[in-house]
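Student: Give me a model of this one.
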Amino acid sequence: MFNLAHILYMVISAVITVALLVPAGLFIKEEKYKKLILKIIALVTVALHFSDIYVNFFKTGNVSVSEPHILPIHPCNVVMWLLLICAFLKNRDAKASKALFVFTFYAGVVCGIFGIVLNVNYGNNPTLADWGILKGMLSHSTMLLGCIYILVAKFIKIRVSNCISVFLGLWIFIIDGLIINGLYSAFGLGECNSMYLQSSPIDSLPWLTPWLMGITGLVLVFAITALYEHFALKKEERWFTILKEKINTIKEKKRGLDNE
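Tutor: Model prediction:
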């Protein structure tokens, strides 16, 4: 890991991502084209994820299917499917849809970066000459591109209230992990460690639990969004002002009921 090929890949991937997102954000204004771009990126990501099955078949005549091909074992697998769902959602204005877009953005950025910088498969076999390794890197790059485009296309707004969507979205990871780990246990398949619920993703850091990562993520989202609101929004639009107004409204209603 972090050999010349890996470093070059990270640099080239970052440059291409920026080169695609900047003009897309500047010139693509119509909603239908924004949706089309997101659909294309999401479909390309899924196609890349499964592409090694077909490459191996036409190369060797045999089909080799790994667990992540058939089950969303890792967080990146889940985000890939969430990105696809977001791309094809018809009612983007529904509360559940908005929450899904928000969580997919934040989770996708984190998973995409980690999947490129700290790719486990690349670490075990540090070469881009193997399509199975290269497609894993490419699919993380396209997934990251799609998740950032959610923000660039203004499908979401950076607000402190994003923390609620992230908190709810983290339960998707937890429920997914519990189900898959339960299936492995029920069928005697050994330990799966889906969503890292059974052990840390890094052996040398046993204290790095999903609960700690989730809490840390929520704190970071709050810090980043609060900082953004402080510099980008007027005082009356910031989270603490809105919260204060809601509390005052509740108090006024309560006083009205007490006076009746």
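Student: hey, C-alpha coordinates of stretch 106-125 in CSV?
Tutor: Extracted C-alpha coordinates of stretch 106-125, given in CSV (Å, rounded to 0.1, in the frame of the first residue of the first chain):
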residue,chain,number,x,y,z
TYR,A,106,-21.9,11.9,4.2
ALA,A,107,-21.4,8.1,4.4
GLY,A,108,-20.4,8.0,0.8
VAL,A,109,-17.7,10.6,1.2
VAL,A,110,-16.2,8.8,4.2
CYS,A,111,-16.5,5.3,2.7
GLY,A,112,-15.2,6.5,-0.7
ILE,A,113,-12.1,8.1,0.7
PHE,A,114,-11.3,5.2,3.0
GLY,A,115,-12.0,2.8,0.2
ILE,A,116,-9.4,4.5,-2.0
VAL,A,117,-6.8,5.5,0.5
LEU,A,118,-7.0,2.4,2.7
ASN,A,119,-8.2,-0.2,0.3
VAL,A,120,-7.8,-3.6,2.0
ASN,A,121,-7.8,-5.6,-1.2
TYR,A,122,-5.1,-3.4,-2.6
GLY,A,123,-3.1,-3.7,0.6
ASN,A,124,-3.2,-7.5,0.3
ASN,A,125,-2.3,-7.4,-3.4
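Student: pLDDT on that stretch, on average?
Tutor: Model confidence over stretch 106-125 averages 92 on the pLDDT scale.
Student: Which helix or strand in the protein has the lowest average pLDDT?
Tutor: Within the chain, no helix or strand scores below helix 239-259, which has a mean of 78 by mean pLDDT, DSSP states H and E.
Student: Off-centre distance for it?
Tutor: Counting by CA atoms, centre = their mean, to the nearest Å, helix 239-259 is centred 36 Å from the centre of its parent chain.
Student: What of stretch 17-24?
Tutor: Taking the mean of its C-alpha atoms, stretch 17-24 sits 19 Å from the chain's own mean (CA atoms, centre = their mean).
Student: If you count contacts, what does the least confident helix or strand of the chain end up packed against?
Tutor: helix 210-232 (3 or more CB pairs under 8 Å, 6 or more residues apart in numbering; DSSP states H and E). Glycine gets a C-beta too; all of them are placed from N, C-alpha and C.
Student: can you list contacts of the helix it packs on?
Tutor: Helix 210-232 has contacts (CB atoms under 8 Å, 6 or more residues apart in numbering) with 106, 110, 158-160, 162-163, 166-167, 170, 173-174, 177, 195-197, 237-239.
Student: Could you pull out the buried residues of that helix?
Tutor: 210, 213-214, 217-218, 221, 225, 228-229 (16 or more other CB atoms under 10 Å).
Student: And the average pLDDT for it is what?
Tutor: pLDDT averaged over helix 210-232 gives 94.
Student: avg pLDDT for the longest helix along the chain?
Tutor: For the chain, the helix with the greatest residue count under DSSP state H is helix 31-60. Confidence over helix 31-60 (mean pLDDT, whole number) is 95.
Student: next structured bit after that helix?
Tutor: For helix 31-60, the succeeding helix or strand toward the C-terminus, using DSSP states H and E, is helix 67-70.
Student: could you give the angle of the next helix or strand after that next one to helix 210-232?
Tutor: Counting by DSSP H and E, the element after helix 67-70 in chain order, helix or strand, is helix 75-88. Angle of helix 75-88 versus helix 210-232, following axes from the mean of the first three to the mean of the last three CA atoms, to 10 degrees, is 50 degrees.
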